[in-house]
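# structure for the following, please:
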Amino acid sequence: MYKLPTFCSMPSGVSLWPRMFQASMKLQNEGYGRCTKVPRNVNLERLQKDYLFPEISKHELQHLQKYPNAKLISLGIGDTTEPIPENIALGMANYAHALSTTEGYSGYGAEKGNQVLRKAIVETFYKDVLIKDTEVFVSDGAQCDISRLQLLLGSKVTIAVQDPSFPAYVDSSVIIGQAGDFKDETRKYQNIEYMHCGPQNNFFPDLMATARTDIIFFCSPNNPTAHAATREQLQQLVKFARDNGSIIIFDSAYASYIMDDSPRSIYEIPGAKEVAIEISSFSKFAGFTGVRLGWTVVPEELLFSSGFPVINDFNRIVSTCFNGASNISQAGGLACLSSEGFGAICSLIDHYRENAKILVNSLASVGLEVYGGVNAPYAWVHFPGSKSWDVFMEILEKAHIITVPGCGFGPGGEGYIRMSAFGHRERILEASWRLEKLFS
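Numbering: from 1, shown residues only. From the prediction side, this is the model:
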């Protein structure tokens, strides 16, 4: 059995991005560099500020410089913290070690992924909804697949997003040229349909008031609100898409955290195969945020308006833009879906669920309006009348805790803070105590 070596790394939660940014600004200020005649991509000029999570990391680094002895706790970027179960890590280590042998060496794999892994994904997650392994594309993560899907769709389609929602849906739409200009007065892009999802509508959009778009990005359980759409809600969504001839891009990255009878896949809804693509990930399911492994399902029944199969074009995109997920990561994926590996992963998920329960109970005990923490590893906390960034800075300054301002997920998140339940138990308990003290 190959023994895992120990590697050192940067402290958890500290990003290289601020240092890269500082270095870049120094070069500009000192006059280095020479302009080419190549214009900047106008769509990138439309992006607002920096991507949310590097912005959080910048504040984290600045805080540590200001308070070098502070015991900072991160409830911010949703990065897993618990060790990958040993049998899964050894599955990857043994595969990597075998590459040093003639018998065990392998080079390029299939762009769609190892067929054995694709079959295991179908058997584990889609057994009852009759998805085929040929409809599964293994990837290096759901966020990467969002961008590949945008390449598939192009700049001419119209899109709708939940508000609030994961910022990659909007930012990738801006980059590809779908979004139009940003309007400061509404904090929205003019060509994007924002579907408000808040407590007043049970975190599900009013579809009667929603304009028809070509593409609907929908995440359940939602990041950041942590709401898992009910079966009735998803039935409404699928009917809406079918009536309008739209395609749903359904993000099920947090489906493994669902504890009630909410659907874990859009394909549990009859008729969804004709209107939906599903993306998912091993990141939050198995702690693979650094390993990088995910998948996308494109059913054969899904067709463009011309009748051409969407799966054929997506296969071309993947074949052109991607050489396949790492063989080592895929070996880890297979180990995750073994009976032993799956059981170990369920224990990890239970750990994060308990963390979420601790956070939510602590926040509620001091009278805060808090949602989530049941079907997803996030607490979504409302601070009526306050600005999200102001609350973020207050918590950081007074409690030395990193959170995420809700406005970073869209205008519907203003006045909210997202807190992550990913963390070691003692850190979650300490954070809960500090928050109780701060808001008592």
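# CA only for contacts and neighbour counts going forward, please
OK.
# show me where this protein has its helices.
Using DSSP state H, the helices of the chain run over residues 17-29, 42-45, 52-66, 86-98, 115-125, 142-153, 167-176, 231-244, 283-286, 310-321, 327-336, 339-365, 388-399, 425-439.
# check which helices and strands the last one is in contact with.
Contacts defined by 3 or more CA pairs under 8 Å, 6 or more residues apart in numbering; DSSP states H and E place helix 425-439 against helix 339-365, helix 388-399.
# could you check the angle helix 86-98 makes with the first one?
Following axes from the mean of the first three to the mean of the last three CA atoms, to 10 degrees, one obtains 130 degrees for the angle between helix 339-365 and helix 86-98.
# what of the shortest one?
Put simply, helix 388-399 runs at 100 degrees to helix 86-98, going by the same axes, to 10 degrees.
# show me which residues of helix 388-399 are buried.
388-389, 391-393, 395-396, 399 (16 or more other CA atoms under 10 Å).
# avg pLDDT for it?
For helix 388-399, mean pLDDT is 97.
# give me the contacts around it.
63, 383, 401-407, 413-417, 434-435, 438 (CA atoms under 8 Å, 6 or more residues apart in numbering).
# filter those down to the buried ones, ChimeraX style.
A single ChimeraX command selects the buried members of the contacts of helix 388-399 (16+ other CA under 10 Å):
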select :63,401,402,403,404,405,406,407,413,414,415,416,417,434,435
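# so what's the residue count around residue 440?
Using other CA atoms under 10 Å, residue 440 has 11 neighbouring residues.
# same question, residue 67
13.
# residue 359 and residue 425 touch, don't they?
No: using CA atoms under 8 Å, residue 359 is not in contact with residue 425, being 10.7 Å away.
# out of the two, which sits in the busier spot?
Using other CA under 10 Å, the more surrounded residue of residue 359 and residue 425 is residue 359, with 26 against 16.
# distance of that one from residue 413?
Applying CA to CA, to the nearest Å, the value for residue 359 to residue 413 is 19 Å.
# repeat for residue 127
Distance of residue 127 to residue 413, given as CA to CA: 36 Å.
# same question, residue 129
Residue 129 is 34 Å from residue 413, by CA to CA.
# same check on residue 355?
23 Å.
# do residue 187 as well
From residue 187 over to residue 413 the distance is 11 Å, taken as CA to CA.
# weakest of the helices of the chain by average pLDDT?
Among those, helix 17-29 scores lowest, with a mean of 51.
# pretty sure residue 363 contacts residue 437?
No: assessed by CA under 8 Å, residue 363 is found out of contact with residue 437, at 10.3 Å.
# how far is stretch 51-58 from where the chain is centred?
Relative to the centre of its chain, stretch 51-58 is centred 15 Å away, using CA atoms, centre = their mean, to the nearest Å.
# buried residues in that stretch?
Neighbour-count burial for stretch 51-58, counted by 16+ other CA under 10 Å, picks out 52-58.
# what's the answer for stretch 66-86, then?
Neighbour-count burial for stretch 66-86 [16+ other CA under 10 Å]: 72-80, 82, 84-85.
# between residue 363 and residue 437, which one's more packed in?
Applying other CA under 10 Å to residue 363 and residue 437 shows that residue 363 carries more neighbours, namely 22 against 11.
# residue contacts, that one?
369-370, 432, 435-436.
# apply 10 Å and report the result again.
Neighbour list for residue 363: 357, 369-371, 379, 381, 432-433, 435-436, 439-440 [criterion: CA atoms under 10 Å, 6 or more residues apart in numbering].
# and which of these is nearest to residue 269?
Lowest distance from residue 269 to those (CA to CA) belongs to residue 371, with 25.7 Å.
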